[in-house]
Every structure is written in structure tokens, then in C-alpha cells.
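Visitor: the sequence and its predicted three-dimensional model are supplied below.
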Amino acid sequence: MRSLLGRTAAISVAALTVFVGVTAAGASADSTPDGECAPVESTTTTLVPDTSAPETSVVDESTSTTSTTVECDEPSTTVAATTTTSTTTTTAPPTSTTTTTSSSTTTSTTTTTDAAGLAESERATQPPLLVAELPNPVGAAPRRGTDRQVAETLPPPPTTTTTTLPPEWALPGNSGDGRRVVYRKSWPMRVWTVESNGAVSKTHLVSGRATWNQPTPGTYSVFSRSGYTCNINNPHICWRYMVRFTKGPGGDNIGFHEIPTNLNTGYKLQSESQLGLALSAGCVRQRTSDALYIWNWAPVGTKVVVLP
């Protein structure tokens, strides 16, 4: 009798195992999208009870997990099939037999989709890029507006330069007009050179004669020049850069020149620090640099204005 019961239990367990295997295979086959994908493999482990023991309780838990990955042209799909089979067999005395079978099948499917395949509504929910993340190939800072010029470019304002001349550069009144040399006989004796536009180009101190008639105030003109000359009555008194513009009462020439030198002593007749004083017999004495300036500035025909 005990042998008969053992065989009956073994047959029942085998039949149940076959049923569970067929069910798992069917579930795996349903999850496969097409014939090109690999089928789900199922593994079943069966424990057969030993009938030689008078009373045995056997718990058989067999778990089979098969994972099949299908690689197609579109997003990857991972199918995981888990089959859990639990078999509990209790062998009682010959008068009572109880068999309990529990079968559980779980199928989990996970689908992963690349960001490129997102729908328009899903892409719309993505946060916008920050300004710092926007492409900027030239490395320039973001700018607003345009470079379009809406108003005419105005010329720069005129520049006015005001030059304040020293008081001695101020030209005396009633000195004539045009390009000219102005000679003032009053103290301090001074000469101005005036350009054709009325601007004073130079002024310097001179020494002349204080009498009213050598020369007489008025307007004259340069008529002769000599690079080197001497006094007609005293030939040992000589000078350079003679520019003649009039004659004295005795017929002697009056003009602009450097301070004369006494060739007998080698000394000049006066010092440069004495310029401005009336120390001459009639001509207009100058320091050598000023005499050279008048020589170059006043050719024959230059106007000369003599003021008291």
C-alpha cells in the first residue's frame, strides 16, 4: 500500500511540473515581438520525495529566471521572465495523503527609449538652455539692439586756442598796416616784426638815438643791405648785418645791425644787458641773433615804420 501511494505522488508531481513548464514557455513566447527575436528559455528542477520514510514533509522551491534582450532597429526592449515553482509534498500514513502545489509566474518588461525619439510634447517639457550654455562661436558677449545709425554724425566742435602774449608783444597804436618793421624810439626802445595778417612774429629790445631827428618818425623802406660794414668817420668801428632804411642829417646811413665792435680794443661798444637804452649815434643796435633775424626777414623794399 505504501509503495502504491509513493508512485501516485510521483506521477502527480511529474504531471504538475510538465504543466507549469508549458505555461511558462507560453508566457515567454507571448512577450517576444516577432520571429527574429530569441525565445525565452525555461529551466525546471523537480525534487522527487523518498517514500521509504514513514512520514516525510518536503518543500521544493524551484526558481527559474530567463532574461532575453531583443535588439532591433528601434528602441531596445528588455524582457525578463521569472518563474517560481513551489511544491510541498506531505506523506502521511497510508490512510491520508495531501498534496499542495503552488505555482507563480511573473513577467516584467522594461522599455528604454533614447532622447532622440521623444515625442514633441515630451521635448517641450525639457528646461530651456541657460544663456551661458548657448552657442557663441566668436566669444562675444550677448548684445541688445542693432548697430543701425539713426542720426547723422555731427562734426566735432571747433577748437579755439587762445594765446595770451606778454605785454611787450603788444603792438603800439598808429603803427601802420601790412607786412612791416615797427621801431619805437621811446624807452624802452623796441622793434616788432608784423606779418601781412597783422600778427606779430617777433619783438626784441634795441638801442638807438633819443633825438627827434635821427631818424624822424615816419614810414620808410629798406633800400640797401650789407653783410659787413664800418663807420665812415671811424673805420675801426665795424659791424655785421646792416639793413639800411633812411639817412641822417649829414648824409650818413641809418639802419638795423648788430652791436658794433672796436677793432682797436676788440670790445663791443655796449653790452646786451643795456639794450633798450638810447646809446647809438643814429643806427639801431641789436644783439647778433636778432640782427641776423632782421637780415633774413627784411629784404630790400620792406616797409619800416618809426614811432616817437
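Guide: Cool, got the structure.
Visitor: C-alpha only now, for contacts and for neighbours.
Guide: OK.
Visitor: how about the nearest residue to Tyr220 once chain neighbours are set aside, what does it touch?
Guide: Counting by CA to CA, 6 or more residues apart in numbering, Tyr220 lies nearest to Val304, which is 4.9 Å off, once chain neighbours are set aside. Residues in contact with Val304, defined by CA atoms under 8 Å, 6 or more residues apart in numbering, are Arg180, Val181, Val182, Tyr183, Thr219, Tyr220, Ser221, Val222, Phe245.
Visitor: what's the answer for Thr261, then?
Guide: For Thr261, the contact set (CA under 8 Å, 6+ apart) comprises Ile237, Cys238, Trp239, Tyr267, Lys268, Leu269.
Visitor: show residues contacting stretch 162-171.
Guide: By CA under 8 Å, 6+ apart, stretch 162-171 touches Trp192, Val200, Lys202, Thr203.
Visitor: and which of the residues you listed is nearest to Asp252?
Guide: Closest approach to Asp252 among the contacts of stretch 162-171 (CA to CA): Trp192, at 24.1 Å.
Visitor: restricted to strands, list the contacts of Val304.
Guide: Among these, the residues falling in strands (DSSP state E) are Arg180, Val181, Val182, Tyr183, Thr219, Tyr220, Ser221, Phe245.
Visitor: the residue nearest to Tyr220 sits in which helix or strand?
Guide: strand 303-307 (DSSP states H and E).
Visitor: that strand pairs with which strands, parallel or anti?
Guide: Strand 303-307 has the following sheet partners, assigned by DSSP bridges: strand 180-184 (parallel), strand 218-221 (antiparallel).
Visitor: now, among the contacts of Thr261, which is nearest to Thr153?
Guide: Within those, the smallest distance to Thr153 is 62.2 Å, found for Trp239 (CA to CA).
Visitor: list the contacts of that closest one.
Guide: Contacts of Trp239 (CA under 8 Å, 6+ apart): Tyr228, Thr229, Cys230, His257, Glu258, Ile259, Pro260, Thr261.
Visitor: try Gly266
Guide: Counting by CA under 8 Å, 6+ apart, Gly266 has no contacts.
Visitor: does His204 count as helix, strand or coil?
Guide: Secondary structure, DSSP: H, G, I helix; E, B strand; the rest coil: His204 is strand.
Visitor: isn't it right next to Val191, touching?
Guide: Yes - with contacts counted by CA atoms under 8 Å, His204 reaches Val191, the gap being 5.7 Å.
Visitor: the more surrounded of the two?
Guide: Neighbour count, other CA atoms under 10 Å: between His204 and Val191, Val191 has more, with 26 against 16.
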